[in-house]
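Asker: Below is the sequence, then the predicted model.
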Amino acid sequence: MSSFMGRMKEYPAISIDRFDRENLSARAYFLSHCHKDHMKGLRAPFLKRRLQNSLKVHLYCSPVTKELLLTNPKYAFWENRMISIEIDTPTQISLVDEATGYKEDVVVTLLPAGHCPGSVMFLFQGNSGTVLYTGDFRLAKGEVARMELLHSGNRVKDIESVYLDTTFCDPKYYQIPSREECLSGILELVRSWITLSPFHVVWLNCKAAYGYEYLFTNLSEEFGAKVHVNKLDMFKNMPEILSHITTDRRTQIHACRHPVNEEFTRANRMPCGMFSDDGIPLHVISIKPSTIWFGERTRRTNVIVRTGESSYRACFSFHSSYSEIKDFLGYIKPMNVYANVIPMGKSIEHVEKILKPLCRSYSDSSVITYKPLGALKRVRCVDSQDTDKSCIDALFDDYPLTHVRNKISRDLHWSSEHCGHALSSAHRENVRPASNPVDIYVNTVLPIDYMDCEESNGEDEEEEEEITEEGSSEIIEATQVETLETACRNLKQATTNAEENVVPDWSSFFSPHILGKVDVSNTDEHIPASKEGTCSHSPKLFSDSDDDSTHISSMNSSQSTHISEQGSQGWDSQADTVLLSSQEKRAAELGASHRYPTPLSAVDQLVIPEASGIDESLNKRFSDETADLSITSPTKIGIHKAKSTGDSILINPELKSDSQSSSDFEIPSTPGTEQPQPDKLHYVYERLAMGETVLKE
DNA sequence: GCGATCAGGT
DNA sequence: CACACCTGATCGC
């Protein structure tokens, strides 16, 4: 939850997302999105009165946010005082002190934040410098690099301060599966259930908040069934959303909110009261969107977890993960950064310690010293049981590589989309997601004896798994050393090339080796120029290699036989998740003999060859480049439009993108996305090969 | 009667 | 799995 008090040091006459206390005297108000915790004081009598007295005070926000806010009659008094600003449109605003007549101009630019419909970040430019307030955001890696208006020419704007959404700024949230992965998992789960019969329905147990709309629209498009919701008048002018939701209970997909009533579900009714007309009992599963994260050293597993006989949890996040935050901030490199949110159980100091190194002031003052490569191994050996970062992380998340890596991904941002998880789907037709439907299925739908998992869960086993399946840490070390040697060789080559003013061979420098093994460990399925050639997802995404099931099969499976409720201790650690996934696979082996309701259609999906459809869908994606419309850009409201100009990316299908792209929130390509210039490359190579920042713990 | 705040729930 | 609410109790105005 935001603990931002409303004002920024540089522009204290402005209040953002807070409307109480000292904010009552602000000369202008800004609302980043329509969540209640960002609207404190917004309808307080005090502010209402002030509004009546000072005619120059306005509330600025995106068109969608204005629409959503004014749908609520309690905020109707703002109607004439709200000014919506189009996204990506720098707009000058006068801040007038009504007492003195003093006037200060600032230029504000709204940037899409990917958090919920209408959510934006605010970029302010004025006499006190350029500052960025992110509000709440979820941006995939590399997306910041594609935001044109954060750049001047080829360079990132010189940003004094960033007021940052630090909700997940904790290494334990190192990675959160991308929007595409989560959506894909949910689609498959829903498919496996509602295709069983018209009486099989799903209930999406969503929190009362904007932000799930893209889920609804995708489900609706995929299955041709509108999603039942309690209210939809707030979307009355957003046909792209409105056309996919309904207040008619007679649908197989529900996101309506009602007090959970056991009686109802037992009586085969939905909480909304929906039941089948002809007396045939309904079969209901509930899917609860919630954030599932993976630590830096945790193998990624499934995005769907079974939590009960007919209940599932599906990964879903409105906020950027730790690595996404670092990517974001590391790209912008402001002079200062301020945390808008204190993550649970952490202090401001803790967060700042993490963020400071990503600021310009920090890296400029830090002296880069060469350290022998041999030291690397030792650092890597540090037991990172609860350490925040491995040296690998330190190595490659450091500027300037991060910087440049983003530039790459900017060029390549398409690939993660054709990599599989086809999204919006008006044009998807029957193209199957190219990723691994098999694994998705295995991990999402088959019955899981999750209590069993928890009981047999433990630290040791996590370690064991890691070693068994991903290669031991020794192997990683070796790889890393080799990688650095390669880097050095390449540096030499690059240096030579740079001197001759020839652009060095980028791809050879970043061999799959380097980025695959040493780059942020969780993104190995998005390796640029990967030797894998195609963009099949890493099997790790949804399931692990076969030896995993072998490993699991040997486990004692007789412990728990009954699911009662979700054990509270079971979800506290990621280790649980790891094992759970394994258990699911074991469950998959057990197959339909399991006593929990099992969508049988899934069996078919189990034999779909993994590779099939990749090329096809890939090509399809190319031709449908602009098909993925953002749900945050309803036509009538006219928020951010997808760029219709082709990205250079499209021309080069074999290139791969960075991870966690979220095409729901279109971001224009940045000017100057061509290949990096030789001098820049040279600089980067040099830093990289030195790798020393890394070496210091 | 309204709002702010807190506890507790989902 | 920790976000974004809702409800209800209590207190103050």
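Answerer: Noted; the coordinates are in hand.

Asker: give me the element residue A:288 is part of.
Answerer: Using DSSP states H and E, residue A:288 sits in strand A:283-290.

Asker: Sheet partners, orientation included, of the very next helix or strand once past that strand?
Answerer: Tracing the chain C-terminally past strand A:283-290 and defining elements by DSSP H and E, one meets strand A:304-308 next. Note on strand A:304-308: by DSSP bridges, its sheet partners are strand A:311-315 (antiparallel).

Asker: Report the angle between the partner strand and strand A:283-290.
Answerer: With axes from the mean of the first three to the mean of the last three CA atoms, to 10 degrees applied, the angle from strand A:311-315 to strand A:283-290 works out at 30 degrees.

Asker: For the stretch 201-350 of chain A, give the residue positioned nearest to DNA strand C.
Answerer: Residue nearest to DNA strand C within the stretch 201-350 of chain A: residue A:344 (2.3 Å; CB to the nearest atom of the strand). In this view, the C-beta of every residue, glycine as well, is placed from N, C-alpha and C.

Asker: Neighbours of that residue, how many?
Answerer: Burial measure for residue A:344: 9 neighbouring residues, criterion other CB atoms under 10 Å.

Asker: For residue A:171, see how far away it is.
Answerer: 14 Å (CB to CB, to the nearest Å).

Asker: what do you get for residue A:66?
Answerer: According to CB to CB, residue A:66 and residue A:171 sit 37 Å apart.

Asker: Kindly report the same for residue A:246.
Answerer: As judged by CB to CB, residue A:246 and residue A:171 stand 42 Å apart.

Asker: More neighbours: the two, which one.
Answerer: Taking neighbours as other CB under 10 Å, residue A:246 and residue A:171 compare with residue A:171 leading, 21 against 17.

Asker: backbone phi and psi for that one, please?
Answerer: phi -60, psi -20 (degrees, to the nearest 10).

Asker: I'd say it and residue A:294 touch.
Answerer: No. Using CB atoms under 8 Å, residue A:171 is not in contact with residue A:294; the gap is 10.9 Å.

Asker: Please work out how many residues are found near whichever residue of chain A sits closest to DNA strand B.
Answerer: Closest to DNA strand B within chain A is residue A:44: 3.8 Å, counting by CB to the nearest atom of the strand. Using other CB under 10 Å, residue A:44 is surrounded by 13 other residues.

Asker: Could you measure from it over to residue A:125?
Answerer: Noted for residue A:44: a distance of 30 Å to residue A:125, by CB to CB.

Asker: So what sits opposite residue A:130 in the bridge?
Answerer: Bridge pairing for residue A:130 - DSSP bridges - gives residue A:125.

Asker: is any part of stretch A:307-321 close to DNA strand C?
Answerer: Yes. Stretch A:307-321 is in contact with DNA strand C by CB under 7 Å from any atom of the strand, via A:313, A:318, A:319.

Asker: From those, pick the one nearest residue A:140.
Answerer: residue A:319 (12.1 Å; CB to CB).

Asker: Just give the nearest non-adjacent residue to the closest one, would you?
Answerer: Closest residue in space to residue A:319, ignoring its immediate chain neighbours: residue A:167 at 4.2 Å, by CB to CB, 6 or more residues apart in numbering.

Asker: Around the one you found, how many other residues sit close by?
Answerer: Using other CB under 10 Å, residue A:167 has 26 other residues around it.

Asker: if I've got this straight, it is in a strand?
Answerer: No. Per DSSP: H, G, I helix; E, B strand; the rest coil, residue A:167 lies outside any strand segment and is coil.

Asker: Which residues are in contact with residue A:121?
Answerer: Taking CB atoms under 8 Å, 6 or more residues apart in numbering, we find residue A:121 in contact with A:32, A:110, A:111, A:112, A:113, A:132, A:133, A:134, A:135, A:137.

Asker: any chance of the residues you listed in CSV, with pLDDT too?
Answerer: Putting the contacts of residue A:121 into CSV (pLDDT from 0 to 100) gives the following:
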residue, pLDDT
A:32, 98
A:110, 98
A:111, 98
A:112, 98
A:113, 98
A:132, 98
A:133, 98
A:134, 98
A:135, 97
A:137, 98
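
Asker: As CSV, these with secondary structure, neighbour count and distance to residue A:154 would be great.
Answerer: Output for the contacts of residue A:121, formatted as CSV (DSSP: H, G, I helix; E, B strand; the rest coil; neighbours: other CB atoms under 10 Å; distance: CB to CB, whole Å):
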residue, secondary structure, neighbour count, distance to residue A:154
A:32, coil, 29, 28
A:110, strand, 30, 23
A:111, strand, 23, 18
A:112, strand, 26, 21
A:113, coil, 26, 24
A:132, strand, 26, 19
A:133, strand, 25, 25
A:134, coil, 28, 23
A:135, coil, 28, 27
A:137, coil, 28, 24
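
Asker: tell me which parts of the stretch 101-250 of chain A are close to DNA strand C?
Answerer: Going by CB under 7 Å from any atom of the strand, the residues of the stretch 101-250 of chain A near DNA strand C are A:115, A:136, A:167, A:168, A:207, A:208, A:209, A:210, A:211.

Asker: And the furthest pair within the residues you listed?
Answerer: Greatest spacing in those, by CB to CB: A:168 and A:208 (20.9 Å).

Asker: Those two - which one has more neighbours?
Answerer: residue A:168 (26 against 10).

Asker: Which residues are in contact with that one?
Answerer: Listed by CB under 8 Å, 6+ apart, the contact set of residue A:168 reads A:176, A:291, A:293, A:317, A:319, A:320, A:321, A:322, A:325, A:343.

Asker: now do residue A:206
Answerer: Residue A:206 makes contacts with A:212, A:255, A:257, A:289, as judged by CB under 8 Å, 6+ apart.

Asker: if you skip the residues just before and after it, what's nearest to the first one?
Answerer: Using CB to CB, 6+ apart and skipping residues adjacent in sequence, the residue nearest residue A:212 is residue A:206, 4.8 Å away.

Asker: Just the element for that neighbour, please.
Answerer: Per DSSP H and E: residue A:206 is located in neither a helix nor a strand.

Asker: Repeat that for the one 4 residues further on.
Answerer: When secondary structure is defined using DSSP H and E, no element contains residue A:210, which sits outside every helix and strand.

Asker: What number of residues are in the vicinity of it?
Answerer: A count of nearby residues for residue A:210, using other CB under 10 Å, gives 21.

Asker: Phi first, then psi, for residue A:152.
Answerer: Main-chain dihedrals, residue A:152, degrees, to the nearest 10: phi -120, psi 110.

Asker: per-residue confidence for residue A:280?
Answerer: Note for residue A:280: predicted pLDDT of 78.

Asker: Just want to check the distance between the residue lying closest to it once chain neighbours are set aside and DNA strand C.
Answerer: The shortest distance from residue A:280 to any residue other than its chain neighbours is 5.2 Å, reached at residue A:199 (CB to CB, 6+ apart). To DNA strand C, residue A:199 is 29 Å away according to CB to the nearest atom of the strand, to the nearest Å.

Asker: and residue A:199, how many residues sit next to it?
Answerer: Counted with other CB under 10 Å, residue A:199 comes out at 16.

Asker: dump the residue contacts of it.
Answerer: Applying CB under 8 Å, 6+ apart, one finds that residue A:199 lies in contact with A:276, A:280, A:281, A:282, A:283.

Asker: Same question for residue A:186.
Answerer: Counted by CB under 8 Å, 6+ apart, residue A:186 has contacts A:215, A:219, A:287, A:289, A:303, A:304, A:314, A:316.

Asker: Show me which of the contacts of residue A:199 is closest to residue A:191.
Answerer: For these, the closest approach to residue A:191 (CB to CB) belongs to residue A:283, at 14.7 Å.

Asker: just checking, the closest one touches residue A:196?
Answerer: Yes. Assessed by CB under 8 Å, residue A:283 is found in contact with residue A:196 at 7.4 Å.

Asker: So which bits of chain A are right by DNA strand B?
Answerer: So chain A meets DNA strand B at A:20, A:41, A:43, A:44, A:45, A:205, A:207, A:260 (CB under 7 Å from any atom of the strand).

Asker: So for the second one, what pLDDT did the model give?
Answerer: What that stands for is residue A:41. At residue A:41 the predicted local confidence, pLDDT, stands at 97.
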